[in-house]
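Participant: Model the structure of this input:
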Amino acid sequence: MFRIDRRSGVATYLQIVRQVEQALRMGALEEGDRLPTAAQVAAATKVNPNTTLKAYRELERAGLAEVRQGAGTFITRTLAQPQSAPDSPLRAALADWMGQAHAAGLTGQDVVALFHSAFETAYPGEAAD
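Facilitator: Next comes the predicted model:
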């Protein structure tokens, strides 16, 4: 479930938190879903189980998850918006735009740079994670 980039400069526990938040925004995780155990994450990513537990505590503090003794860690609410659903017109338009960018020869880094520029214009003062 988690992909850890050890060269990103972002703390490992924050990478886990951000990936859960992203999954919640995209509807890949929903209320009631069980997160993998710290041992499962450690086996899959070679991350210390305590790092995963720290991420899960952060998610709990944010009201996104709850630890149920003996049962695991469960999602308590979603961050998904109807506009970001897989079948939404906005998502379809973005997918079309991405196809156009790819066909025009833009690299992934070009697209990210273009996104950040457009984001800063549309959402001044907000951080694009």
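Participant: Relative to N50, how far out is the spatially most central residue of the chain?
Facilitator: Centroid-nearest residue in the chain: Q22, 2.4 Å away (criterion: CA atoms, centre = their mean). Q22 sits 23 Å away from N50 when distances are taken as CB to CB, to the nearest Å. C-beta: built from backbone N, CA, C; applies to glycine.
Participant: domains of this protein?
Facilitator: As given by automatic domain parsing, the domain ranges for the chain are 12-75, 82-122.
Participant: Of these, which stretch is the most buried?
Facilitator: Of all the domains of the chain, domain 12-75 carries the top mean neighbour count, a mean of 16, counting by mean count of other CB atoms under 10 Å.
Participant: start to end distance for that domain?
Facilitator: 20 Å (CA to CA, to the nearest Å).
Participant: just to revisit the earlier point, show the subsequent helix or strand relative to whichever strand or helix holds the residue nearest to the centre of the chain.
Facilitator: Assigning secondary structure by DSSP states H and E places Q22 in helix 12-26. Per DSSP H and E, the first helix or strand lying C-terminal to helix 12-26 is helix 38-45.
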